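*Asks:* what follows is a predicted structure for the sequence shown.
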Amino acid sequence: MPSRSVPPSIDGEFTEVTRGGDDKWLPYKTKRLYTNAFIIHGNKLLLGYKKRGFGLSKYNGFGGKVEPGETPDQAAARELKEEAGIEAPLEHSGTFLFVTEGGPDWAFQIEIYRAEEYSGTPTETDEMRPVWFSIPASSETAKAAVASVIENVIDNDLPPIPYESMWDSDYLWLPLLLSKTHFVGRTDFKEVDGAFKLERWWFGVPTSTCT
Ligand SMILES: Nc1ncnc2c1[nH]c(=O)n2[C@H]1C[C@H](O)[C@@H](COP(=O)(O)OP(=O)(O)OP(=O)(O)O)O1
């Protein structure tokens with residue numbers, strides 16, 4: 001069977017971790033930058049329940065648009081403070097494009113961040129309600145990390161990561177973030193009656209980190 005190419009938006013040497021759907025990647029006019037930040041504290045993951053706007057009623061990391069004049073790093077820190085009331089030494093962990101059919105005609109370029117420490121107390125805001133979840137036991141390779149999260153092996157009393165209440169593609173890349181594996185990816189969604197359904201995806205890691 002002929003090998004399939006990576007999505008047109010992916011530049012560089014990456015080893016595929018997961019893909020799905022066909023190869024008919026959606027066109028888009030421009031890209032807009034967004035951030036999304038996750039706090040990983042021991043075996044706990046901090047997520048925010050979105051109370052308004054885009055992604056309403058989903059759990060997600062804390063983040064939003066990169067404002068004019070800001071770098072993504074600066075925007076990630078600002079959004080974490082605005083939405084969760086905390087500060088953290090955020091590290092860039094991955095990038096993916098989120099393109100929609102029937103939704104906005106731009107591609108969301110989402111810069112993903114993680115931190116294992118934070119200062120302040122996670123606090124509910126107008127936009128987000130912070131909630132801690134249990135992180136499954138860690139695994140060594142990117143593919144095993146994906147499997148461990150799907151199997152949901154947990155070792156504390158908190159609820160498991162609520163993938164059913166998150167964006168449909170989160171389960172594909174969150175394990176990479178949890179295992180500190182840098183990743184890139186692309187997801188195409190279709191919007192039907194206000195709901196976004198995952199149609200095709202590709203995620204990869206730098207070839208040197210894939211064992
Ligand atoms: N598909 C997918 N998976 C995971 N996360 C996201 C998506 N699509 C997304 O948009 N996101 C993330 C990216 C951002 O963190 C938020 C969306 O940002 P938004 O809340 O619209 O931006 P703000 O600047 O906070 O908006 P205001 O409400 O303040 O105007 O979701």
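*Replies:* Received, thanks. Numbering: from 1, shown residues only.
*Asks:* alpha carbons only for contacts and neighbour counts from here, please
*Replies:* Noted.
*Asks:* so after the worst-scoring helix or strand of the chain on mean pLDDT, what's the next helix or strand?
*Replies:* When each helix and strand of the chain is scored by mean pLDDT, DSSP states H and E, helix 142-151 comes last, with a mean of 62. The helix or strand immediately downstream of helix 142-151 is helix 170-178, counting by DSSP states H and E.
*Asks:* can the helix or strand just after that following helix be found next to the ligand?
*Replies:* Downstream of helix 170-178, the next assigned helix or strand under DSSP H and E is strand 183-192. No. If you take C-alpha under 6 Å from any ligand atom as the test, strand 183-192 misses the ligand, and the best it gets is 7.2 Å.
*Asks:* residue 200 contacts residue 22, doesn't it?
*Replies:* Yes. Look at residue 200 against residue 22 with C-alpha atoms under 8 Å: they come within range, at 6.3 Å.
*Asks:* of those two, which one has the most company?
*Replies:* Remark: of residue 200 and residue 22, residue 200 carries more neighbours, 19 against 10, as counted by other C-alpha atoms under 10 Å.
*Asks:* list the contacts of the more buried one.
*Replies:* 19-23, 25, 187-189 (C-alpha atoms under 8 Å, 6 or more residues apart in numbering).
*Asks:* show me which residues of the protein are close to the ligand?
*Replies:* Counting by C-alpha under 6 Å from any ligand atom, the chain comes close to the ligand at 34-36, 53-54, 62-65, 98, 110, 167.
*Asks:* filter these down to just the ones in strands.
*Replies:* Within the residues of the chain next to the ligand, residues falling in strands by DSSP state E are 34-36, 98, 110.
*Asks:* pLDDT below threshold where in this protein?
*Replies:* The model of the chain has pLDDT under 70 over residues 1-3, 138-156, 209-211.
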